[in-house]
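In: A predicted structure for the sequence below; I have some questions about it.
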Amino acid sequence: MLVLMARAPRPAVEVWAGRRYLAAVDAVLWPTLWIAAVALAPFQTGIAGPLAVALAGLGAVSRLLAAISDNKHYRFTTVRWGRPIAALVLVGVLLKLGLIASGQ
């Protein structure tokens, strides 16, 4: 038996001046980074590369529409993924500094 439970929708966030423009940049930035990663891949991507670029392009368009039209419900991807990525970069820098300090 399959039981489906609906979660309550997240509340709307406060809309401030410039949020719509910043959300539009955020909505396009991450798919653009994925497209750049596929384009600069050091190996042949085959059919998966163009497919990933097409999906990222569609994602960018849909995210941009959501960021502009439904701004009070748009959540910033940079806030969600920027912190873990920054933490990983910080760990890498600390490891590199540890290697340099130990003389290896």
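Out: Nice, thanks for sending it over. Numbers count the residues shown, from 1 in each chain.
In: Pro31 contacts Ala56, doesn't it?
Out: Yes. Using Cβ atoms under 8 Å, Pro31 makes contact with Ala56 at a distance of 4.1 Å. From N, CA and C alone the C-beta is placed, and that goes for glycine too.
In: May I see the buried residues of the helix-or-strand element of the chain with minimal mean pLDDT?
Out: Scoring the helices and strands of the chain by mean pLDDT, DSSP states H and E places helix 77-102 at the bottom, with a mean of 92. Along helix 77-102, these residues count as buried under the neighbour rule (16 or more other Cβ atoms under 10 Å): Thr77.
In: same question, stretch 53-73
Out: Neighbour counts over stretch 53-73 (16+ other Cβ under 10 Å) mark Val53, Ala56, Gly59, Ala60, Arg63, Leu64, Ala67, Asn71 as buried.
In: Quick one: the residues you listed as CSV, columns for distance to Gly46, pLDDT and secondary structure too.
Out: Output for these, formatted as CSV (distance: Cβ to Cβ, whole Å; pLDDT from 0 to 100; DSSP: H, G, I helix; E, B strand; the rest coil):
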residue, distance to Gly46, pLDDT, secondary structure
Val53, 12, 96, helix
Ala56, 16, 96, helix
Gly59, 20, 95, helix
Ala60, 22, 96, helix
Arg63, 26, 95, helix
Leu64, 28, 96, helix
Ala67, 32, 94, helix
Asn71, 38, 89, helix
